[in-house]
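Asker: model this:
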Amino acid sequence: MKDGIDLIETAATSTVAPHERTDYWSELIQLCHRRRVGYAFPRRCDFHGRVALRRTDNYQIVGWHADAVTYYRTAGHVREDADGDYRLMLPTTGHVTIWQDDQHVPMPPGIGALVTIDQPFAFTQVDGTEGLTMTIPRGAVDHRLSRDAPPAPLVDLTSGLGRVVADLATGLVAERDTLTPHQFDAVSERLVELLCMHIVGDYPPNTVISPMWNPESATTFAPMPTIPN
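Answerer: Numbering: from 1, shown residues only. Take a look at the predicted model:
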């Protein structure tokens with residue numbers, strides 16, 4: 001393990017004036033994820049949000065609870081600020097929809113998404129949505145899956161091994177203040193190992209697998225929000 005970064009942070013929009021909260025939230029998310037991200041707020045007055053962050057040299061996890069907002073990365077963002085790492089996104093309450101590759105997929109609580117932000121995407125949530133985002137080095141996933149095709153983007157984390165993965169992730173957020181850097185990284189590595197095991201299942205290497213949860217109702221959701229090029 002590297003001996004370097006160990007950051008623990010919490011922040012909330014309640015610490016600033018209501019008319020400043022969307023700007024504050026935008027800056028806060030930018031600082032948490034250290035990448036260029038765009039934002040669209042359905043309303044800009046009295047936005048409520050809070051985040052809890054733990055970061056080491058190897059892994060990062062951000063727990064969040066926030067009102068309705070859309071985050072997006074355009075082709076310009078990707079060109080100017082590339083990032084090939086994976087993000088495990090897991091809503092625990094509320095509702096999330098992800099747009100990527102001209103498809104939009106709803107994510108109810110307990111359904112995770114393993115995505116990269118190295119291509120344009122949008123991520124929309126409704127008021128009161130809560131969840132977490134874990135940054136995972138690409139190599140930690142790719143070498144465990146041993147496949148050329150990308151992993152299944154959607155992962156059912158509501159039962160079985162998936163539930164164990166979700167419990168580890170929420171535990172990392174809950175215990176962010178008490179774990180040492182070595183402990184945090186050890187749990188994170190175990191989480192990634194189990195996540196990859198859950199994704200692969202009984203499929204041999206180099207087999208392209210379908211998402212573990214098939215959102216047949218996805219076409220009933222609203223079209224992608226308009227975002228800049």
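Asker: assign Thr70 to helix, strand or coil.
Answerer: strand (DSSP: H, G, I helix; E, B strand; the rest coil).
Asker: where does it land on pLDDT?
Answerer: On the pLDDT scale, Thr70 is placed at 95.
Asker: is it correct that it is in contact with Val37?
Answerer: No. Counting by Cβ atoms under 8 Å, Thr70 does not reach Val37; the two are 10.3 Å apart. No exception for glycine: its C-beta is placed from N, CA and C like everyone else's.
Asker: in this protein, which spans are strands?
Answerer: Per DSSP state E, the chain carries strands over the ranges 6-12, 38-40, 49-56, 60-66, 69-73, 86-93, 96-100, 103-107, 111-116, 121-125, 129-136, 154-156.
Asker: where among the ones you listed is the average confidence lowest?
Answerer: strand 103-107 (a mean of 85).
Asker: need the contact list for Asp101.
Answerer: Gln119 (Cβ atoms under 8 Å, 6 or more residues apart in numbering).
Asker: longest helix in this protein, by residue count?
Answerer: helix 181-200 (DSSP state H).
Asker: run through who's touching that helix.
Answerer: 1, 6, 54, 56, 58-59, 61, 88, 114, 134, 136, 140-141, 144-145, 151-152, 155, 160-162, 164-165, 168-169, 171-172, 176, 179, 209, 212.
Asker: can you flag the buried ones in those residues?
Answerer: Buried subset of the contacts of helix 181-200 (neighbour count, 16 or more other Cβ atoms under 10 Å): 54, 56, 58-59, 61, 88, 114, 134, 136, 140-141, 144-145, 151-152, 155, 162, 164-165, 168-169, 172, 176, 179, 212.
Asker: right, I'll call it a day here.
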